[in-house]
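>>> Give me a 3D structure for the following:
(2 chains, ligands or ions: 1)
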Amino acid sequence: MSEILIKNASVCDPAQGINCETMDICIRDGKIVDSVSGNAKVIDAEGKLTMAGGFDGHTHSAGKINVGRFMNPNDARKNLVPGLSGQVARTEKTRAQVGYNTPNTYAIGYRYAKLGYTTICEAAIPLLSARHTHEEFKEIPILDKMGLSLFGSNWQVMEYIRDKEPEKLAAYIAWGLKASRGYGVKIVNPGGGEAWGWGKNVSGLYDPVPNFDVTPAEILMGLVEANERLQLPHSVHVHCNNLGKPGNYATTIETMKLFEKVKPSRDRQSLHVTHVQFNAYAGTSWRDFETGAPMVSDYINGADHLTFDLGQVIFGPAVTMTADGPVEYANSRMLHEKWSNQDVELEDASGVVPLFYSPKSFVNAVQWAIGLELALLVKDPWKVMFTTDSPNGGSFVNYPEAFTYLMSAKRRAEVISGFSKMALDRMVLPGIDRELDFYELAVMTRSIQSKIYSRPEKGNLKVGSDADIAIYDILPGQIDPTTEYEKVKKAFSGTAYTLKDGVVVVKDGEIEATPKGRIYWVNAKVPANIDSAMQKDIDLKFKKYYTVSKSNYMVEDMYLENPVEIGTEGVF
Amino acid sequence: MQVVKLSLKKANKIPIEADNVNPDNFAGKTTEEIKAIPVLYGNGQCPLGDLFNVEAEGSDSVENTKIVFEGDVSRVKRIGQNMSAGEIEINGNVDMHCGSGMKGGKVVINGDADSWLGCEMAGGEIILNGNASYYVGAGYRGESCGMRGGKITVNGNTKDYLGEHMCGGEILVKGDVGLLPAISNNGGKIVIEGKATMPASEMKNGTVIINGEVSDLLPSYKEEGTEEVEGVTYRKFVGDVNVGGKGVLLIK
Ligand SMILES: [Zn+2]
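Prediction:
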């Protein structure tokens, strides 16, 4: 039995409505408990902001990131955030680290832990390449991990939707999650990945997918029906059509509206829209491009069925990586950048393009502003998940920097002062004076994730929850984040302590221990007769089209370290 | 003037990474202090004095420090890396990355150089009195800007990818070059006295002058009359149109 007593912590735990109150936290065997014995090891947290471990609900940290690594060997030596990037020699406790946007797996674990994060969700797992994602998961230390599996351009999915076979569709989703050991349903540019196989794209919700006679709207509605039928812990996770195109905010709002009538099967949203920054553009071309954030946030303020994340831009080098193949091709042409694309057989597309966000580019400046506008114009922080869509908008190691933008209008004004007049005319950010406090920041970085992903033991400090805890050397009330943002950035860049399952993994900003994290995956129950009918259909797919056999397709147990199987009961 | 003479105690098979061997690190130091400078040897580190005979004469500023290598150092890499001033003379063959990232000063090699000579060089001068291998004045893998300043003169031949991703500075090759010189260039000037094959593909900017025979000239260049340089009339090509390039390729 191991016990820890965290004494006099200044606790901020929105899940319990606790806003920076001084209290003790008791830990026994990796869980938060009511009380501990006198033998408990004591951590003095007096004067320190204490939150549940951070939870990054949308990051590209395993799988596709590897394509980013081999396209950008020069990333290995980039050291733009000293202490959280660049080349670091191995130590007694840690392995060698390299990189910035595409760090090696070990560095990903260490650096998230230093920021006080203890759980991550990989945002895109192609079913066919899932094994590789899990191989990387295995080598990311400390963190608990989960991943979202891609279904938005999948032949079998589109056929079942076209043929109106909702039960078989649900069975296929359940099987796909099992095959990939995924946690939820990711939909990227629905239908667009398949159209891209023919050099085309879909231009909106009602543009039919070539050869399949279904529309993106039908794909979305079909998949959400299956998602709720299976009672999955997470809602569908949607990367909207027309990403990165001026005027796309209309498609984004239209997509959100589609889901108004969906009844969630669990106590959570029925839709999560991801990296909305890239999907909140107004204008008709890059010439008259401007923010669409006011329209999108207006809609979100009046809706209660959805959550979203930011995809905040960080100035400097980034690496875009997405299942949205056509977007990556367009990026590379526009930016004259190197690019890679992949056709994932019957399932999806994907691509990787490095880019550089410059405050001198009016487009980049407006993109930077849109992310913040969304976070600040949407009134309820319980709808907003903080992300940079790492490393699409920028590397996660910049989160502390981004927090200062959210918490200080003065800090924003400093950055904005470097923008061109044209950029200023196309954004509304300079007129926004809202400044988040530590409580709202905690909501966006840990509390909402617990709710969105139905992981009640994560993202809060309730008795019974996992003892994943971040203790920052900063005291709300004693510092003013609206002016002392350098102190805020420093405190969030390296915790005083990070605890993972009650083990001190970071102390004074340095790695102390590197335990293995868990892998969460969802096993949704489907009636045997429906499952076997579905299996017959996919057997045919494997026989006719796939380059692998079904038996070699499934991710085996040996690839999962500390797996946690989340069972759900399907409703048929 | 400070002169430091270095010679290998015995020929090494395992490579030595001598990125600390430059005038910036040697200036003002005694023989004993220089012997203590660490270098990478295989997967470990050891003092320079374990591998080299060291003889330092005088003591002076970086500008007035000269390092002389006596004999073959063809398994010693990164000599003169990032140097800002002073001089290095190598009387023998040298391994990869000699003078890479150098910012000033001069390196003279009386022998052959392996790949990546002067890669990412920003200033100063390299004179090679021998042949060079691949990627002279090129970029780091994945980076879009290679050599950006200074001058490299090769009095012999070079292999492929001369000046890859170069975006400034000057390279002069007296002999022949291999495949794809000036690939993906975005600035700078390359003069090749001898033969070249498929020059300047994906060049966005910069000037390439070839006096010798050109094989496999790329179809993605537009011919635009002639241009005279120092009394010689060249056929002028502009491209690479594949990347909307404005580079100038002059061929006899
Ligand atoms: Zn993403």
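
>>> quick one: average pLDDT of stretch B:50-68?
Mean pLDDT, computed over stretch B:50-68, is 96.

>>> Check stretch B:237-252 too.
pLDDT averaged over stretch B:237-252 gives 94.

>>> Tell me the buried residues in it?
Within stretch B:237-252, the residues that count as buried by 16 or more other C-beta atoms under 10 Å in any protein chain shown are B:237, B:239, B:240, B:243, B:245, B:247, B:248, B:249, B:250, B:251. From N, CA and C alone the C-beta is placed, and that goes for glycine too.

>>> residue of the stretch 51-200 of chain A with the smallest distance to chain B?
Chain B sits closest to residue A:74 of the stretch 51-200 of chain A, with a gap of 3.5 Å, by C-beta to the nearest C-beta.

>>> Skipping adjacent residues, who's closest to that residue in space?
residue B:142 (3.5 Å; C-beta to C-beta, 6 or more residues apart in numbering or on different chains).

>>> And for residue A:37?
With C-beta to C-beta, 6+ apart as the criterion, residue A:37 has its nearest non-adjacent residue at 6.1 Å, and that residue is residue A:3.

>>> Now do the helices in the stretch 351-500 of chain A.
A:362-377, A:399-407, A:409-416, A:421-425, A:438-442, A:448-452, A:485-493 (DSSP state H, counting those that start in this stretch).

>>> got the CA coordinates for the second one in CSV?
What that stands for is helix A:399-407. What follows is helix A:399-407, C-alpha atoms only, in CSV (Å, rounded to 0.1, in the frame of the first residue of the first chain):
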residue,chain,number,x,y,z
TYR,A,399,0.5,25.3,-24.7
PRO,A,400,1.9,27.5,-21.8
GLU,A,401,2.5,30.2,-24.4
ALA,A,402,-1.0,29.8,-25.7
PHE,A,403,-2.5,29.9,-22.2
THR,A,404,-1.0,33.4,-21.8
TYR,A,405,-3.0,34.5,-24.9
LEU,A,406,-6.2,33.3,-23.3
MET,A,407,-5.5,34.8,-19.9
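
>>> Not counting it itself, show me its contacts.
With contact meaning C-beta atoms under 8 Å, 6 or more residues apart in numbering or on different chains, helix A:399-407 is reached by A:81, A:115, A:312, A:314, A:372, A:375-376, A:386, A:388, A:394, A:411-412, A:415, A:435-437, A:441, A:444-445, A:481-482, A:485-486, A:488-493.

>>> swap in the fourth one?
Around helix A:421-425, the neighbours that count as contacts under C-beta under 8 Å, 6+ apart are A:290, A:362, A:365, A:366, A:369, A:416, A:430.

>>> Just the closest residue of the stretch 151-252 of chain B to chain A, please.
Closest point on the stretch 151-252 of chain B to chain A, by C-beta to the nearest C-beta, is residue B:243, at 6.5 Å.

>>> Dihedrals phi and psi, that residue?
Main-chain dihedrals, residue B:243, degrees, to the nearest 10: phi -120, psi 20.

>>> Need the nearest residue in space to it, chain neighbours excluded.
Ranked by C-beta to C-beta, 6+ apart and with sequence neighbours excluded, the top spatial neighbour of residue B:243 is residue B:202, at 5.2 Å.

>>> Surely the one you found touches residue B:242?
Yes: taking C-beta atoms under 8 Å as the contact criterion, residue B:202 and residue B:242 are neighbours in contact, 6.4 Å apart.

>>> So which bits of chain B are right by chain A?
For chain B, the contact set with chain A under C-beta under 8 Å from any C-beta of the partner chain comprises B:140, B:141, B:142, B:143, B:243, B:244.

>>> The contacts of helix A:421-425: which two are farthest apart?
Pairwise distances across these peak at 15.3 Å for A:290 and A:416 (criterion: C-beta to C-beta).

>>> How many residues are close by residue A:559?
Counted by other C-beta atoms under 10 Å in any protein chain shown, the residues lying close to residue A:559 total 18.

>>> With the one 3 residues further on instead?
Number of residues near residue A:562 (other C-beta under 10 Å) recorded here: 13.

>>> go on, residue A:19?
A count of nearby residues for residue A:19, using other C-beta under 10 Å, gives 15.

>>> after whichever strand or helix holds it, next one along is what?
According to DSSP states H and E, residue A:19 maps onto strand A:18-28. Counting by DSSP H and E, the element after strand A:18-28 in chain order, helix or strand, is strand A:31-33.

>>> Buried residues in that following strand, which are they?
Quick answer for strand A:31-33 (16+ other C-beta under 10 Å): A:32, A:33.

>>> packing partners for it?
strand A:18-28 (3 or more C-beta pairs under 8 Å, 6 or more residues apart in numbering or on different chains; DSSP states H and E).

>>> tell me the contacts of residue 68?
Chain wasn't specified; assuming chain A. Counting by C-beta under 8 Å, 6+ apart, residue A:68 touches A:60, A:75, A:101, A:102, A:319, A:321, A:352, A:354, A:391.

>>> wrong chain, I was asking about chain B
Contact analysis of residue B:68 by C-beta under 8 Å, 6+ apart lists B:3, B:4, B:5, B:6, B:88, B:89, B:91.

>>> State the three-state secondary structure for it.
Of the three states, residue B:68 takes strand under DSSP: H, G, I helix; E, B strand; the rest coil.

>>> Dig out what it forms beta bridges with.
Using DSSP bridges, the beta-bridge partners of residue B:68 come out as residue B:5, residue B:89.

>>> Can you give me the distance of it to chain A?
Separation of residue B:68 from chain A (C-beta to the nearest C-beta, to the nearest Å): 31 Å.

>>> Count the neighbours of residue B:19 for me.
Around residue B:19 there are 17 other residues, counting by other C-beta under 10 Å.

>>> right, and it touches residue B:83 too?
No: Residue B:19 is beyond contact range of residue B:83, at 10.1 Å (criterion: C-beta under 8 Å).

>>> Need the residues touching each of those two.
With contacts taken as C-beta under 8 Å, 6+ apart, residue B:19 and residue B:83 have no neighbour in common.

>>> With adjacent residues omitted, what lies nearest to the one residue in the stretch 301-450 of chain A that gets nearest to chain B?
Of all residues in the stretch 301-450 of chain A, the one sitting closest to chain B is residue A:336 (6.5 Å; C-beta to the nearest C-beta). What sits nearest to residue A:336 in space, not counting adjacent residues and going by C-beta to C-beta, 6+ apart, is residue B:243, at 6.5 Å.

>>> How about the contacts made by the one residue in the stretch 451-572 of chain A that gets nearest to the ion?
Closest residue of the stretch 451-572 of chain A to the ion, C-beta to the ion: residue A:452 (14.9 Å). By C-beta under 8 Å, 6+ apart, residue A:452 lies in contact with A:57, A:234, A:235, A:268, A:269, A:272, A:307, A:385.

>>> sorry, back to before: and for the residue of the stretch 301-450 of chain A closest to chain B, the neighbour number?
As a burial measure, residue A:336 scores 11 neighbours (other C-beta under 10 Å).

>>> Would you list the phi and psi of it?
Dihedral pair for residue A:336: phi 50, psi 50, per degrees, to the nearest 10.

>>> Any idea what residue A:307 is bridged to?
Using DSSP bridges, the bridge partners assigned to residue A:307 are residue A:272.

>>> Which of the three states applies to residue A:146?
Three-state call for residue A:146 (three-state DSSP): strand.

>>> How about the residue of chain B positioned farthest from its centre, nearest residue that isn't a chain neighbour?
Distance from the C-alpha centroid of chain B, by C-alpha atoms, centre = their mean, peaks at residue B:225 (32.7 Å). Nearest residue to residue B:225 in three dimensions, chain neighbours excluded: residue B:236, at 5.7 Å (C-beta to C-beta, 6+ apart).

>>> residues in contact with that neighbour?
B:223, B:224, B:225, B:226, B:227, B:248, B:249, B:250.

>>> which among those residues gets closest to residue A:23?
Lowest distance from residue A:23 to these (C-beta to C-beta) belongs to residue B:248, with 71.8 Å.

>>> doesn't residue B:204 make contact with the closest one?
No: with contact defined as C-beta under 8 Å, residue B:248 does not count as touching residue B:204 (11.5 Å).

>>> and residue B:232, how many residues sit next to it?
For residue B:232, the tally of surrounding residues (other C-beta under 10 Å) stands at 11.
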